[in-house]
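A.B. asks: just a sequence and a predicted model for now, questions to come.
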Amino acid sequence: MLMKEIARRLQITPRAIRYYEEKGLIQPKKADESGYRHFTEEDVWRLQTIVTLREVGMPIDDIRELLAHMKESAGTLRHYLELQRSFMYTRWVELAKVIQTTEAMIERIGNSQTIDPGELYELAEANKRLRQTRDNWVDRWNFNQMAEGYDEWVQQESQSANAHQSYEWVLDEVVAALGPVKGENGLDAGTGTGNLAARLVRQGASMSGFDQSPQMLKRCRTKLPAMETKLGTFFAFPFLEERFDFVATSYALHHLDDDQKRLALAECRRVLKPGGRLVIADLMFADEAARQAHLAELDREGKEAAIRHIHDRFYADRARLLRELDALGFAAVARQLTTYTHLIAARLK
């Protein structure tokens with residue numbers, strides 16, 4: 001397909017196509033000595049993607065990054081579109097933070113028309129740190145590879161004194177703490193294969209869920225084909241504000257460091273309706289002193305595998321989570337369920 005044909009098909013100008021080529025977003029093949037550009041159906045798809053994202057205001061550099069992710073993770077049209085949506089939500093959340101920072105700058109200036117440059121720098125650096133915190137997350141555990149056998153593995157773990165001890169009972173406790181009412185809209189954050197969401201659906205809740213792993217979502221959709229599921233991250237939930245009556249999350253936050261957990265809690269706050277509820281079941285210690293005491297005990301007992309597991313994940317400091325929830329406007333209570341799993345039930349004040 002020649003440039004004039006693809007321009008006519010997509011209703012864009014040849015000049016725009018050449019611009020995207022100059023920016024490295026597309027790389028059409030050139031035929032023999034004629035030099036004419038020949039476009040494949042893959043080029044058509046990439047151009048459609050570029051045009052769509054430009055229409056919603058995405059910068060060229062961000063589009064280049066997204067297309068690189070698509071190339072690394074080949075998949076279906078739906079997967080590509082989900083990647084686009086997840087990427088746009090991430091940028092949208094970041095833009096909202098930039099707007100808040102600008103508002104803060106204007107408020108500080110007030111009627112004086114001046115502001116200490118150091119204050120401006122401090123606000124800008126805060127935004128930069130937030131972006132770096134989001135971007136630093138890496139799936140070191142390879143959830144896509146785990147997805148196929150995850151349910152069988154977690155059942156085996158449930159019978160031990162390891163991290164997922166009494167797994168089924170813990171999920172039942174989450175449901176009891178939420179007390180879902182038939183017809184309520186709920187979100188399972190980091191839904192995985194949908195084990196918690198399935199329980200809440202049986203209680204009559206209208207559930208949505210997101211996960212960063214396409215293969216986990218594939219398993220979830222097999223179990224719960226009617227549930228709304230989206231590709232997304234804990235740093236930018238792929239949903240609009242005040243959408244849900246409750247948010248639940250189980251065995252997911254321990255894959256985020258402390259700063260990343262703080263961002264995730266803020267996202268829970270953002271998507272909850274006024275008076276909304278949040279229940280977390282995850283791997284925690286009551287506080288840092290409890291963590292150090294437990295690690296010392298494991299060391300005395302020679303349980304090196306358990307120590308490695310704790311260091312490989314980010315078991316939460318429960319006291320810190322409670323402080324952060326309070327700062328976000330939640331009233332929260334907590335209790336310990338098993339050796340490592342704690343439950344936090346919170347409600348917006």
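C.D. replies: Thanks, I have the structure now.
A.B. asks: what's the burial count for residue 14?
C.D. replies: 14 (other CB atoms under 10 Å). The way it works is simple: take the backbone N, C-alpha and C, and place the C-beta from them, glycine included.
A.B. asks: surely it meets residue 3?
C.D. replies: Yes: Residue 14 lies in contact with residue 3 (CB atoms under 8 Å); the separation is 5.1 Å.
A.B. asks: end to end, how far does stretch 155-172 reach?
C.D. replies: Taking CA to CA, to the nearest Å, stretch 155-172 runs 14 Å from one end to the other.
A.B. asks: the most centrally placed residue in the chain and residue 39, how far apart?
C.D. replies: Nearest to the geometric centre of the chain sits residue 233, at 1.1 Å (CA atoms, centre = their mean). Separation of residue 233 from residue 39 (CB to CB, to the nearest Å): 33 Å.
A.B. asks: residue 240 too?
C.D. replies: 36 Å.
A.B. asks: and those two? Which one has more around it.
C.D. replies: More neighbours surround residue 39 than the other of residue 240 and residue 39, with 20 against 10 (other CB under 10 Å).
A.B. asks: residues in contact with the residue lying closest to residue 336 once chain neighbours are set aside?
C.D. replies: Counting by CB to CB, 6 or more residues apart in numbering, residue 342 is the residue found nearest to residue 336 once chain neighbours are left out, at 5.1 Å. Residues near residue 342 by CB atoms under 8 Å, 6 or more residues apart in numbering: 281-284, 286, 316, 318, 334-336.
A.B. asks: sheet partners, orientation included, of the helix or strand where residue 342 lies?
C.D. replies: Secondary structure from DSSP states H and E places residue 342 in strand 341-348. In its sheet, strand 341-348 lies beside strand 272-285 (antiparallel), strand 330-336 (antiparallel), with partners assigned from DSSP bridges.
A.B. asks: buried sites along the longest one?
C.D. replies: Across strand 272-285, burial judged by 16 or more other CB atoms under 10 Å covers 272, 276-285.
A.B. asks: residue 29 and residue 46, how far apart?
C.D. replies: Distance from residue 29 to residue 46, by CB to CB: 13 Å.
A.B. asks: now the helix or strand harbouring residue 220: buried residues?
C.D. replies: In this assignment (DSSP H and E), residue 220 forms part of helix 214-223. Residues of helix 214-223 classed as buried: 214-220 (neighbour count, 16+ other CB under 10 Å).
A.B. asks: more neighbours: residue 29 and residue 46, which one.
C.D. replies: residue 46 (22 against 10).
A.B. asks: that older thread, in CSV: the contacts of residue 342, plus pLDDT.
C.D. replies: Shown next, in CSV, are the contacts of residue 342 (pLDDT from 0 to 100):
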residue, pLDDT
281, 98
282, 98
283, 97
284, 97
286, 97
316, 97
318, 98
334, 98
335, 98
336, 98
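A.B. asks: run the chain-centre distance for the helix holding residue 220.
C.D. replies: 16 Å (CA atoms, centre = their mean, to the nearest Å).
A.B. asks: residue 21 contacts residue 28, doesn't it?
C.D. replies: Yes: with contacts counted by CB under 8 Å, residue 21 reaches residue 28, the gap being 6.8 Å.
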